[in-house]
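Chemist: after the sequence you'll find the predicted model.
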Amino acid sequence: MKISVGLGKDDVVERLEKKGVSRRQFLKYCTAAAVSLGMAPAFGAKIAEAVTSKLRPSVVYLHCAECTGCTEALLRAHEPYIQEILFDTISLDYDETIMAAAGDAAEKALEQAVANPNGFILAVEGGIPTKDGGVYGKVAGHTMYDIVTKIAPKATALINHGTCACYGGIQAAAPNPTGAKGVNEVLKDKKIVGINVPGCPPNPYNFVHTILFYLAEKKAPELDDLQRPVPFFGTTVHDQCPRLPHFDAGEFAPSFNSEEARKGWCLYELGCKGPDTYNNCPTIKFNQVNWPVEAGHPCIGCSEPDFWDEMTPFYEN
């Protein structure tokens with residue numbers, strides 16, 4: 001595949017090359033993204049074409065009730081140069097965590113981004129406090145509830161980044177004093193349904209590859225009944241777990257209470273929630289290095305709804 005690039009200072013591939021990302025690495029990344037989405041490797045060419053478009057898509061990233069762990073995971077992602085590819089592909093026009101602007105300048109930046117005539121992708125991190133009119137979560141004097149319900153209808157696409165944005169997260173755990181809810185639940189009266197990319201934090205590649213698919217296809221990837229991309233959340237953690245060595249790739253994993261599982265040092269009896277959790281942690285890992293179970297820690301089910309209430313206690317005696 002050949003990508004034709006100009007010599008303009010705004011060319012994506014040339015900017016990446018100046019940061020040490022070669023064209024070969026860029027194309028390899030696009031192909032890997034296609035495969036992770038369940039597409040044929042050739043779909044990587046379509047992703048590459050989309051992200052080298054002269055028109056950089058606008059992204060507005062809102063922070064609501066959260067710990068910013070989702071953003072931190074994204075910024076700390078390792079190869080293949082996810083920050084360079086993402087931030088040179090999109091125009092991140094508003095993000096309170098990493099933007100230089102503050103105060104009135106930040107508010108103006110948000111207004112301009114939302115008014116973009118070419119539209120924008122809205123990403124939301126964090127749950128939405130709803131009790132008492134949403135007064136328990138405010139930004140610039142506006143409740144998070146008002147901000148999201150005002151901006152979401154104007155977006156061309158909505159991505160809920162992290163378990164808090166998807167389901168309410170720890171803020172929504174009992175007794176849920178602020179009435180925190182997931183973004184889709186808050187927007188259901190407006191008939192707006194966002195793509196859920198859960199996790200505490202989610203793997204950054206799931207978020208970025210969702211954006212890349214949308215840029216290439218102008219639609220969401222296949223979603224499950226919880227609005228999660230099936231390529232990332234279509235199989236349980238248990239069925240992909242490398243601690244079960246007695247089955248071949250492509251075969252269904254042995255039952256978590258079977259002798260075969262015990263021989264593979266399955267952590268189910270220590271409280272592992274892998275059999276009830278849908279995520280691709282075992283295959284994509286974090287920073288391509290490790291993931292909780294491989295490090296010896298049971299899965300706590302962080303990509304499932306109400307996991308703080310439903311999955312506890314995280315450890316069994």
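Modeler: Cool, got the structure.
Chemist: how much space separates the residue sitting nearest the centre point of the chain from Ala157?
Modeler: Nearest to the geometric centre of the chain sits Phe207, at 3.0 Å (CA atoms, centre = their mean). To Ala157, Phe207 is 13 Å away according to CB to CB, to the nearest Å. All C-beta spots, glycine's among them, are computed from the backbone N, C-alpha and C.
Chemist: one more: Ala40?
Modeler: Relative to Ala157, and taking CB to CB, Ala40 is found at 23 Å.
Chemist: any idea which helix or strand comes after the helix-or-strand element of the chain with minimal mean pLDDT?
Modeler: Across the helices and strands of the chain, mean pLDDT, DSSP states H and E gives its lowest value to helix 259-263, namely a mean of 56. Next in sequence after helix 259-263, counting helices and strands by DSSP states H and E, comes helix 281-284.
Chemist: and the average pLDDT for that following helix is what?
Modeler: Mean pLDDT, helix 281-284: 91.
Chemist: roughly how far is that helix from the heart of the chain?
Modeler: Distance of helix 281-284 from the chain centroid (CA atoms, centre = their mean, to the nearest Å) equals 14 Å.
Chemist: ok, residues contacting it?
Modeler: By CB atoms under 8 Å, 6 or more residues apart in numbering, the residues outside helix 281-284 that reach it are 36, 203, 205-206, 232, 237, 240-242, 291-294, 299.
Chemist: how far away is Leu110 from Lys28?
Modeler: Computed as CB to CB, the Leu110 to Lys28 distance reads 36 Å.
Chemist: neighbour-wise, which of those two wins?
Modeler: Taking other CB atoms under 10 Å, Leu110 and Lys28 do not tie; Leu110 has more neighbours (20 against 13).
Chemist: the residue nearest to the more buried one when sequence neighbours are not counted: which element?
Modeler: Leaving aside its sequence neighbours, Leu110 sits nearest to Tyr94 (CB to CB, 6 or more residues apart in numbering; 4.8 Å). Secondary structure assignment for Tyr94, by DSSP H and E: strand 91-95.
Chemist: sheet-wise, list the partners of that strand with their directions.
Modeler: Using DSSP bridges, the strands paired with strand 91-95 are strand 58-63 (parallel).
Chemist: got the CA coordinates for the strand it pairs with in CSV?
Modeler: Only the C-alpha atoms of strand 58-63 are listed here, as CSV (Å, rounded to 0.1, in the frame of the first residue of the first chain):
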residue,chain,number,x,y,z
SER,A,58,-12.6,17.8,16.0
VAL,A,59,-12.8,16.0,19.3
VAL,A,60,-14.3,17.5,22.5
TYR,A,61,-13.3,15.6,25.6
LEU,A,62,-15.3,16.2,28.8
HIS,A,63,-14.3,15.3,32.3
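Chemist: list of residues touching it?
Modeler: By CB under 8 Å, 6+ apart, the list of residues contacting strand 58-63 reads 71, 90-97, 110, 113-114, 116, 118-126, 139, 144, 147-148, 151, 155, 161, 211.
Chemist: for stretch 191-199, same thing?
Modeler: 70, 122, 124, 152-153, 157-163, 165-167, 182-184, 187, 206-207, 210, 214, 220-221, 223, 226-229, 232-233, 279, 302-304.
Chemist: let's see 6 Å
Modeler: 152, 158-161, 163, 166, 183-184, 206-207, 210, 220, 227-228, 302-303 (CB atoms under 6 Å, 6 or more residues apart in numbering).
Chemist: give me the subset of these lying in strands.
Modeler: Judged by DSSP state E, strands contain the following of these: 158-161.
Chemist: tell me how many other residues surround Pro177.
Modeler: Pro177: 10 surrounding residues under other CB under 10 Å.
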